[in-house]
Every structure is written in structure tokens, then in C-alpha cells.
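S.K.: starting from these lines, generate the structure:
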Amino acid sequence: MKETGGMKIVLLMCLGVFVCMLDSTIMNITLPAIQNSLHTTLETSSWMLNVYTMTIAVLAIPMARFAEMFGRNKFYLVGLLIFGLGSALCGLASSGDFLITARFIQSIGAAILIPCSMVIGITAMPIEKRILPLTLLGATQGLATAMGPTVGGLITERLSWHWVFYVNVPICILAIVIAFFLLTLKKETRVKSKIDWFGLLFSVSAIFPLNLVLIKGNTWGWNSTQAIFCYLVTAASILLFIFAEKKSKAPMVNLNLFKDRLFTGSVVTVTTGFIFLIGVMVLLPQFLTNFQHKTELQAALLVTPVSAAIFVFSNIAGLLTKKIGYTIPVILGFGIMGCAYYLLHNLTIHSTSKEIVLLCSLLGLGFSFVISSATIASTSSFEGEMLTASQGVFSMLRQLGVVLAVAIFVAGLTNNIQGKKQDVVHFAAQQLEKLDVPQSAKEKILSETEKSINTSSHTEKNNPSLMTAAERQQIIDINVQKALATIPEEQRTSAKELIYHKVAMQVDKDIAEKGKLVKNYSNQVSTFAKETIASSFADLYKTSIPFVLLCCLAGFVFIERKKKSTTAFVNTPAAE
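M.R.: Residues are numbered from 1 along each chain as shown. From the prediction side, this is the model:
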């Protein structure tokens with residue numbers, strides 16, 4: 001069981017990274033099917049998505065540390081076992097709470113696999129050939145993240161949502177079998193060190209409340225007591241963590257990592273890059289299914305160019321980085337992503353499939369330059385224990401970028417939609433004033449319209465009723481009495497039936513005419529609502545454009561400065 005054939009080990013590690021990153025976005029399209037099947041609330045469904053990313057962000061650093069202490073290869077196998085078990089439990093879930101628990105178990109495995117895969121894959125090749133595993137592993141991260149919605153939509157439509165999780169089980173079993181033949185499990189190098197319990201405690205207490213407030217802030221209110229408490233706990237924990245790490249003889253995170261400009265630039269780049277990638281991958285499928293009425297599979301296929309572009313261009317971007325350094329690829333990557341966001345700000349319900357494919361291709365192309373450069377830079381200065389530490393921090397901040405993206409973009413979209421709904425209500429009131437119907441009917445119709453707009457999550461057409469059967473009967477009775485009052489009393493009994501019939505016909509005719517007006521009003525409001533609420537997505541991406549372009553400045557962090565001698569890092573031939 002000796003490690004022979006470094007490239008085979010790299011590909012095995014790519015498999016581990018792939019399944020973990022795939023599951024960070026695979027539920028984006030399958031969530032409606034899961035909600036319907038398990039009858040979950042929106043908040044429960046939100047936790048199904050976020051517990052996975054949150055747990056990885058919290059545990060990536062400590063798990064990377066434990067892997068160094070107990071053996072990376074053995075820990076990799078443990079990660080596969082836990083991830084496979086969690087996936088099987090997810091597929092068997094019969095309630096929302098059970099699925100959340102299963103996703104938590106699954107995410108513990110992912111928190112082990114992601115940093116272990118990166119370190120094992122990188123060290124499997126000689127230093128002079130490190131660019132290859134770095135490029136492949138970086139491309140795999142972006143590719144899997146982008147492919148999540150596509151794979152999820154395809155599996156859900158062809159099989160069921162359960163198989164979104166079951167598919168991981170045979171992959172994990174296969175990876176375990178291969179690992180037994182490729183990885184050294186006996187007498188592997190281990191770091192003899194004490195566990196930094198204070199560092200672990202403060203890192204968890206810093207990351208968990210931060211992630212919690214990002215997820216729940218829109219519900220709580222960003223200035224609520226709960227949110228302020230989370231801010232204070234996070235700030236205090238960060239300060240205590242830094243203090244504890246400086247004092248610890250065996251720190252969980254070596255703070256010297258951040259003295260290296262390449263590593264600092266890499267974590268800034270990967271965090272912001274994932275924010276703007278996930279901001280599209282989470283919301284665009286929802287736009288396609290809810291406003292363009294695409295099926296889950298059609299929506300998944302339309303966003304596939306993101307992953308296709310990452311797959312095609314990541315290796316090219318890695319080679320370019322090796323030749324010309326990090327600065328130009330990072331600037332180019334964020335610039336191209338900015339172009340994709342510019343196209344997204346023109347997104348409407350009438351946008352064609354060609355336009356969607358183009359903007360997705362540009363997004364994937366830009367991200368391939370960002371992720372390749374960041375991944376290579378994150379390891380180019382380190383070896384041994386420092387390399388493991390760097391990948392733990394890198395993984396944690398990458399996942400933090402995913403959580404930030406979901407929190408920021410979902411909160412922004414929610415606020416936009418609420419504002420647009422008020423515009424629709426105002427438009428409905430204006431159109432209603434033009435209708436030739438009684439004032440009491442106008443008030444009733446507007447009330448029904450407003451209720452429909454505020455309670456509907458999409459743009460279902462509302463058909464307000466002009467009057468009830470009891471109200472119709474009341475009008476008929478009043479008009480019959482008026483007609484009977486105009487004829488002699490002795491003729492009223494014999495004429496009542498005929499008068500009632502004529503009055504009823506006239507009332508029904510009037511109601512039908514008014515009904516046509518109301519139906520036309522309903523169609524106008526529905527069309528306006530659909531176009532207006534759909535524009536919430538475009539407005540969000542328009543607001544994001546300056547921030548995407550601002551990230552181009554991250555490229556300047558990588559500009560080579562005058563080197564200082566240091567014993568903390570081991571330089572490699574990788575490009576600087």
C-alpha cells in the first residue's frame with residue numbers, strides 16, 4: 001500500500017473534493033421537491049441548505065489540524081466513511097429535522113475531506129510539478145460548485161430528490177477501495193502536538209454566530225437584539241482567538257500564514273470569487289423556474305455553461321498564472337465576471353436562452369482565472385505543517401464566501417421583492433380607479449389583490465371576485481322591490497315572477513360586463529407584477545457590478561515586492 005503514481009493520488013483527491021463541493025449547491029434546484037415531499041417550512045428548508053456550509057466553515061481548520069496529528073491518509077478514509085454515511089441518511093430522511101441532522105453528519109465528513117484532499121493531492125507530486133495538482137484541485141472546486149444545480153436538477157427530474165444524496169454512497173465506497181491501494185496507512189508522518197483546545201473553542205465561537213446572523217439576519221433584523229449579540233460574540237471571540245494563538249505553543253492556526261502576501265491575496269480572492277459565483281448559482285435557477293417557467297432540468301441545463309467554462313479554462317488559467325504571475329489573471333477573472341454581471345442586470349422574463357448561456361459562460365470563464373490563481377497562491381510558499389494549516393484556513397474562508405453569498409444575495413433579493421410588491425399594489429390601485437364598478441367592489445378587489453401579492457412568492461394570477469352570491473341576491477331583491485312599487489298592488493303577485501326573471505337577467509348581464517372589466521384589470525396587474533417582481537433579480541445584480549469590479553484590486557496584492565529573508569516559509573518555483 002505504498003504511494004505510487006502521484007497523479008493517481010491527485011485524481012483520487014479530486015474525487016473527494018468534487019463530491020463535497022458538489023453537495024454545497026446540489027440542493028439549490030431540488031429544494032422545492034424536498035419541501036413538497038417533507039412538508040417543511042421555509043425556515044427549516046433554509047437550515048437544510050446552510051447547516052452543510054456552516055459546519056464546514058466551523059470545522060475545516062480543526063479537522064485539518066487533527067489530520068496532521070493522527071495521520072492525513074487515515075483521516076481521509078474517516079472523512080469518506082462519515083460523508084457516505086451522512087449521504088445515505090439524507091436520502092432516507094422522512095422529515096425536515098431528520099434531513100438537517102443528516103446534513104450535519106455529512107458536512108463533518110466534508111470538513112475532513114476538503115483540507116485533507118488538498119494537502120494529500122499537493123504533496124503527492126514533486127515540488128517542481130506542484131502546479132498540476134494545484135490547477136486540477138482548484139478547477140475541481142469551482143467545477144463541482146457550478147455543477148451542483150445541473151446535477152441536482154437532472155437527478156431530481158429523472159429519479160427523485162433522494163438520489164441526489166444516494167449517488168454519493170457508491171462514489172465514497174469506490175474512493176475508499178482505491179485509497180487502500182494508493183495511500184500509505186501504516187507509519188505515515190504525524191505531527192506530535194497538543195490539541196489547541198482554546199483555539200478550537202474560540203474559532204467555533206467566532207464562526208458560528210457570524211454564520212448564524214448572516215443566515216437569520218434578514219428574519220431577525222440586522223439591528224435586532226439577537227443580531228447584536230452575535231456581532232459581539234463574534235468580535236470578542238476573534239480577539240480571544242488571536243490572543244490564544246499568539247500564546248499557544250502549538251496553535252491551531254499559525255498566524256504567520258497571514259504575513260505571506262500570496263496567501264493573504266489568495267484568501268481574499270477565493271472568498272470574494274465564491275461570493276459572486278454563488279450569488280448567481282443560487283438565484284438564477286430560481287429566476288428561470290419561477291419567472292420563465294422552466295422545468296428544473298431546463299434551468300439546470302441553462303446554467304451548465306458555468307461549470308463547462310470552468311472545466312475548459314481552469315487548466316489554461318493555471319498555466320497562464322505559472323508564466324505571467326497572479327496579478328493579471330486575477331484582474332482578468334474579476335473583469336470577466338463583471339461583464340457577466342453587466343449582462344445579468346439586463347435580465348428580464350423575456351431574456352432568451354442564448355443570453356442566459358452567454359452570461360453563464362462568461363461567469364465560468366472569469367471564475368476559472370480567479371480560482372486557479374487563488375488555489376496556486378495559497379500553497380506556493382508553504383510545506384509540511386504550514387501547508388496543512390494554510391489549506392484549513394483556505395477551505396474555511398472559501399466556505400465563508402459561500403455563506404456570505406447566500407446571506408447577502410438572498411437578503412438583497414428579499415428586500416428588492418418587498419419594494420417591488422409595493423409598486424405593484426400602487427399600480428393595482430391606479431388601474432382600479434379607472435374601473436366602472438361600485439366603490440365597495442373596488443375596495444374589496446383591491447384588498448384581495450393586495451393580499452394575493454403579499455402572500456404569493458411568485459407571480460400567480462389573481463382573479464378577484466366582483467361579488468358573492470349573497471350580494472347578487474341582495475341586488476336582485478332590491479331591484480325587484482323597486483319594480484313592484486311602480487305597478488298597482490293587486491297586480492304585484494302575478495307579475496312578481498316575471499319581474500324577478502327580468503331583473504335577474506339584467507343583474508347577471510351587468511355583473512358579466514363588470515366581470516370582463518375586472519378580468520382585464522387582473523390580467524394587467526398580473527403582467528405588471530410578473531415583470532416588476534422579476535426585475536428584482538436584475539436590480540440586485542446591477543447593484544453588485546461595482547463590487548465585482550472593485551475586486552480586481554485584489555490582483556495588486558500579488559505584485560512582487562522586495563523579498564525579506566524568513567525561515568517561516570519555503571519558496572517554490574511557482575509563479576509569483
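S.K.: remind me which residues of the stretch 151-300 of the chain are low pLDDT?
M.R.: Where the stretch 151-300 of the chain drops to pLDDT under 70, the residues are 189-193, 215, 218.
S.K.: just the helices in it please.
M.R.: Using DSSP state H, counting those that start in this stretch, the helices of the stretch 151-300 of the chain run over residues 163-166, 168-182, 197-220, 225-247, 261-290, 296-324.
S.K.: cool, and the stretch 401-550 of the chain?
M.R.: For the stretch 401-550 of the chain, the helices defined by DSSP H, counting those that start in this stretch cover 439-455, 469-484, 489-550.
S.K.: in contact with the residue lying closest to Gly221 once chain neighbours are set aside, which residues?
M.R.: What sits nearest to Gly221 in space, not counting adjacent residues and going by Cβ to Cβ, 6 or more residues apart in numbering, is Ala227, at 6.5 Å. Just so you know, the C-beta spots here come from the backbone N, C-alpha and C atoms, and that holds for glycine as well. In this structure, Ala227 makes contact with 213, 216-217, 220-221, judged by Cβ atoms under 8 Å, 6 or more residues apart in numbering.
S.K.: drop anything exposed from the residues you listed.
M.R.: Among the contacts of Ala227, the ones that count as buried by 16 or more other Cβ atoms under 10 Å are 213, 216-217, 220.
S.K.: save these as CSV, and put in distance to Phe198 too.
M.R.: Converted to CSV, those look like this (distance: Cβ to Cβ, whole Å):
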residue, distance to Phe198
Val213, 23
Lys216, 27
Gly217, 28
Trp220, 29
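S.K.: which one among those residues gets closest to Val270?
M.R.: Val270 lies nearest to Val213 out of these, by Cβ to Cβ, at 22.1 Å.
S.K.: separation between that closest one and Ala33?
M.R.: 29 Å (Cβ to Cβ, to the nearest Å).
S.K.: what does Phe202 give?
M.R.: Distance from Phe202 to Ala33, by Cβ to Cβ: 40 Å.
S.K.: circling back to that earlier point, adding distance to Ser536, write the helices of the stretch 151-300 of the chain out as TSV.
M.R.: TSV is the format used below for the helices of the stretch 151-300 of the chain (distance: least, Cβ to Cβ, whole Å):
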stretch	distance to Ser536
helix 163-166	28
helix 168-182	34
helix 197-220	14
helix 225-247	23
helix 261-290	9
helix 296-324	18
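S.K.: from those, which stretch is densest packed?
M.R.: Of all those, helix 261-290 carries the top mean neighbour count, a mean of 24, counting by mean count of other Cβ atoms under 10 Å.
S.K.: who does it touch, helix- and strand-wise?
M.R.: Packing contacts for helix 261-290, counted by 3 or more Cβ pairs under 8 Å, 6 or more residues apart in numbering; DSSP states H and E, involve helix 27-38, helix 131-158, helix 296-324, helix 327-344, helix 353-379, helix 384-433, helix 489-550.
S.K.: please identify which of the ones you listed is closest to Gly16.
M.R.: Short answer: helix 131-158, nearest of the helices and strands packed on helix 261-290 by Cβ to Cβ, at 9.2 Å.
S.K.: tell me the confidence at Arg561?
M.R.: Looking at Arg561, its pLDDT stands at 63.
S.K.: hmm, I typed the wrong one, I wanted Leu432.
M.R.: 69.
S.K.: could the helices and strands packed on helix 261-290 go into a markdown table alongside distance to Cys172?
M.R.: Below are the helices and strands packed on helix 261-290 laid out as a markdown table (distance: least, Cβ to Cβ, whole Å):
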| stretch | distance to Cys172 |
| --- | --- |
| helix 27-38 | 18 |
| helix 131-158 | 15 |
| helix 296-324 | 21 |
| helix 327-344 | 32 |
| helix 353-379 | 24 |
| helix 384-433 | 19 |
| helix 489-550 | 36 |
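S.K.: wait, which of these is closest to Leu240?
M.R.: Nearest of those to Leu240, taken as Cβ to Cβ: helix 384-433 at 17.3 Å.
S.K.: by how many degrees do the closest one and helix 353-379 diverge?
M.R.: Between helix 384-433 and helix 353-379, the angle comes out at 150 degrees (axes from the mean of the first three to the mean of the last three Cα atoms, to 10 degrees).
S.K.: packing partners for helix 384-433?
M.R.: By 3+ Cβ pairs under 8 Å, 6+ apart, helix 384-433 packs against helix 42-70, helix 96-123, helix 197-220, helix 261-290, helix 353-379, helix 439-455, helix 489-550.
S.K.: pick out the shakiest of these, pLDDT-wise.
M.R.: Among these, helix 439-455 carries the lowest mean pLDDT, a mean of 68.
S.K.: from Leu257, how far out is Gly199?
M.R.: In terms of Cβ to Cβ, Gly199 sits 14 Å off from Leu257.
S.K.: now Gln292: closest residue in space, sequence neighbours ignored.
M.R.: Ile349 (6.0 Å).
S.K.: wait, what's in contact with that neighbour?
M.R.: Residues in contact with Ile349 (Cβ under 8 Å, 6+ apart) are 291-292, 530-531, 534.
S.K.: just Thr44 next, same as before
M.R.: Contacts of Thr44 by Cβ under 8 Å, 6+ apart are 96-97, 100.
S.K.: just the buried subset of the residues you listed, please.
M.R.: Buried subset of these (neighbour count, 16+ other Cβ under 10 Å): 96, 100.
S.K.: which one of the contacts of Thr44 is nearest Cys14?
M.R.: Within the contacts of Thr44, proximity to Cys14 (Cβ to Cβ) peaks at Ile100, which comes in at 28.7 Å.
S.K.: surely that closest one meets Asn50?
M.R.: No - in this structure, Ile100 is not within contact of Asn50 by Cβ atoms under 8 Å, at 9.5 Å.
S.K.: sorry, back to before: the residue nearest to Gly221 and Thr55, how far apart?
M.R.: With Cβ to Cβ as the criterion, Ala227 and Thr55 are 21 Å apart.
S.K.: tell me the pLDDT of Thr40.
M.R.: On pLDDT, Thr40 comes in at 76.
S.K.: how many residues are close by it?
M.R.: The number of residues packed near Thr40 is 20, by other Cβ atoms under 10 Å.
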